[in-house]
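Trainee: quick one, structure for this:
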Amino acid sequence: MKIHSLHTTQWLPTTIDTAWEFLSDPKNLCRITPSEMGFEIISGADKGMYPGQIIEYWVRPFSSIKTKWITEITHVADRSYFVDEQRFGPYALWHHKHFLKEKDEGVEMEDLIHYKLPFGILGQWMEPLLIRPKLEKIFEFRRQKLTEIFDPQHA
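Mentor: Predicted coordinates:
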């Protein structure tokens, strides 16, 4: 089955230290996830990010479906990047790389996600109709929230 990808970049008018402090704290995921997703951390966000960290969430990918999502932080390079991978959840595969780089008196944040859907042909059919638009909406919300947090005069 096909592996899909989503790639986003955003410039943040802040220092690498401030961006890393916010983005590497799992508790801040609630602030940058749309409320209709019912995102709730169950466990694992009580310490700073480290390789091997397991974080459990409740999430509603669609309003009538509530599921547990378990991710593992597999790689961390301080102030540079981290990777989270789904261990249990709505995708057959979820691999999300987060990169931070000092650039133009701020920080360029880059997300690269590779995902695979369950349910064979049905999952492939749903990808362009439901899944991709939903992911794009989530990441656009995240872009807007990060703009409000790091650049409130342009929110």
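Trainee: how near is the residue lying farthest from the centre of the chain to residue 127?
Mentor: With distances taken as Cα atoms, centre = their mean, the residue sitting farthest from the centre of the chain turns out to be residue 121, at 25.5 Å. Distance from residue 121 to residue 127, counting by Cβ to Cβ, to the nearest Å: 11 Å. Just so you know, the C-beta spots here come from the backbone N, C-alpha and C atoms, and that holds for glycine as well.
Trainee: quick check: pLDDT value at residue 43.
Mentor: Model confidence at residue 43, given as pLDDT, is 97.
Trainee: residues contacting it?
Mentor: Residues touching residue 43, when contacts are defined by Cβ atoms under 8 Å, 6 or more residues apart in numbering, comprise 54, 55, 56.
Trainee: scan these and report the most crowded one.
Mentor: Highest neighbour count within the contacts of residue 43: residue 55, with 21 neighbours (other Cβ atoms under 10 Å).
Trainee: re the thing from before, in helices only, show me the contacts of residue 43.
Mentor: When DSSP state H defines the helices, the subset of the contacts of residue 43 inside them is empty.
Trainee: nearest to residue 84, of the residues you listed?
Mentor: Looking at those and their distance to residue 84, the nearest is residue 55, at 7.9 Å (Cβ to Cβ).
Trainee: wait, doesn't the closest one sit right on residue 39?
Mentor: No. Under the contact definition of Cβ atoms under 8 Å, residue 55 does not touch residue 39, with a separation of 11.5 Å.
Trainee: quickly list what the residue most central in space within the chain is bridged to.
Mentor: The centre of the chain sits closest to residue 96, judged by Cα atoms, centre = their mean, with a distance of 6.9 Å. With beta bridges defined as DSSP bridges, residue 96 has these partners: residue 84, residue 113.
Trainee: and of the contacts of residue 43, the nearest to residue 77?
Mentor: Relative to residue 77, and with distances defined as Cβ to Cβ, the nearest of the contacts of residue 43 is residue 55, at 18.4 Å.
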